[in-house]
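Trainee: no sequence on this one, just coordinates:
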């Protein structure tokens, strides 16, 4: 008896940058059983998507660049060609990876036009949007074009239901996850290069307003003697560097740029800080917890499902003083901090493993195809 051919899963991203959403997508591409699924990636044809395409290719995933849409009419005109491309791939599953509520909309509508049998979209975060007819109508069209919304946290699921009236039976919660962290020995030279003999607070984030890095810079002024290393790049880098200089903390707030050695950075960090203003279910916090690094993060939807009094310290968003207090508390109570970090590590590795996430996503594909 011959083995059935794997089903093609078209993964679609219109992201113009590389961040947590793209890392979560790569994790899924890596984990899907190739005997059952044949993943294909459609990505935006922009420089910011180059890393996503390159890393997908190293996983043996075919990639297709899609022209970036600058105006709505361009997107509408592109729909027939996109639908034909999905048909050529014989897509059984279409999976959009959304960075905001209306992203990937042309791909989603094209997948519906192509009658792809199973159509899902992962909402990686929830960006609050004004109540406008145009916005609501577009989101309603996306919901009609999809079989399921995949929310990465209970918070995102709740907001999809409350704000856009997505029926709860059309939403599946599949949280982000981590692979078991690599065994990394702390590099003394790297530690000395970045922080010398001072405590090191690490942040891994894209440098834009969402991540609240300006508040972290302000908090650094209130915590003398601590070095803040920020791994990541983005449109706000020059403004943030200028802010650090103005606050007199330019020597202690180190902007490391985009890094591919995050495990090595986590291995030398005393704590991890994420001051975001909104999130979905932050992969960077999961990775820090899995590595056993104590976490201070803002008490916002999604993140609060990870960081609580027994796993770290949660502080009010957009509040540099609260952030500084949380950092000082972790550094002052080494015993309690170690217990929190151990609890967090165990919880993440037990409940948020990559294999569990991939199995849940595969089961969703299977259930939709079996309908």
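Mentor: Everything's here; your move. Remember, it's a predicted structure, so these values are computed and weren't measured experimentally.

Trainee: what residues does residue 312 make contact with?
Mentor: 289, 294-297, 306, 330, 340-341, 344 (C-beta atoms under 8 Å, 6 or more residues apart in numbering). (C-beta placed from N, C-alpha, C; glycine too.)

Trainee: from those residues, pick the one nearest residue 268.
Mentor: Closest to residue 268 out of these is residue 294 (13.6 Å), distances taken as C-beta to C-beta.

Trainee: right, and the closest one touches residue 330 too?
Mentor: Yes. Applying C-beta atoms under 8 Å as the test, residue 294 and residue 330 come out as touching, 5.1 Å apart.

Trainee: any common contacting residues for these two?
Mentor: Common neighbours of residue 294 and residue 330 (C-beta under 8 Å, 6+ apart) are 271, 312, 337.

Trainee: for the chain, which segments count as helices?
Mentor: Using DSSP state H, the helices of the chain run over 20-31, 50-58, 72-88, 105-113, 133-145, 154-164, 188-195, 213-222, 237-246, 262-268, 283-290, 320-332, 334-351, 354-369.

Trainee: near residue 261, how many other residues are there?
Mentor: 13 (other C-beta atoms under 10 Å).

Trainee: tell me, how many residues neighbour residue 328?
Mentor: Residues near residue 328, counting by other C-beta under 10 Å: 16.

Trainee: check contacts around the closest residue to it other than its chain neighbours.
Mentor: With sequence-adjacent residues excluded and distances taken as C-beta to C-beta, 6 or more residues apart in numbering, residue 328 is closest to residue 223, at 6.2 Å. Residue 223 makes contact with 324, 327-328, according to C-beta under 8 Å, 6+ apart.

Trainee: ok, so of those residues, who is nearest residue 94?
Mentor: Proximity of those to residue 94 (C-beta to C-beta) peaks at residue 327, which lies at 43.3 Å.

Trainee: hmm, back to that, just the closest of the contacts of residue 223 to residue 11, please.
Mentor: Nearest member of the contacts of residue 223 to residue 11, counting by C-beta to C-beta, is residue 327, at 37.8 Å.

Trainee: make TSV out of the helices of the chain and add mean pLDDT and distance to residue 174.
Mentor: Formatted as TSV, the helices of the chain follow (pLDDT from 0 to 100; distance: least, C-beta to C-beta, whole Å):
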stretch	mean pLDDT	distance to residue 174
helix 20-31	96	10
helix 50-58	97	20
helix 72-88	94	23
helix 105-113	98	18
helix 133-145	96	18
helix 154-164	97	10
helix 188-195	96	35
helix 213-222	98	28
helix 237-246	98	32
helix 262-268	96	23
helix 283-290	96	13
helix 320-332	97	29
helix 334-351	92	12
helix 354-369	97	5
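
Trainee: highest mean neighbour count out of those?
Mentor: helix 283-290 (a mean of 26; mean count of other C-beta atoms under 10 Å).

Trainee: so who does the residue lying closest to residue 177 once chain neighbours are set aside touch?
Mentor: What sits nearest to residue 177 in space, not counting adjacent residues and going by C-beta to C-beta, 6+ apart, is residue 357, at 3.7 Å. Shown in contact with residue 357 (C-beta under 8 Å, 6+ apart): 27-28, 31, 174-177.

Trainee: and those, which two are the farthest apart?
Mentor: Top of the distance list for the contacts of residue 357 (C-beta to C-beta): 31 and 175, 14.4 Å.

Trainee: what sits against residue 321?
Mentor: 219, 222.

Trainee: wait, residue 3
Mentor: Going by C-beta under 8 Å, 6+ apart, residue 3 touches residue 35.
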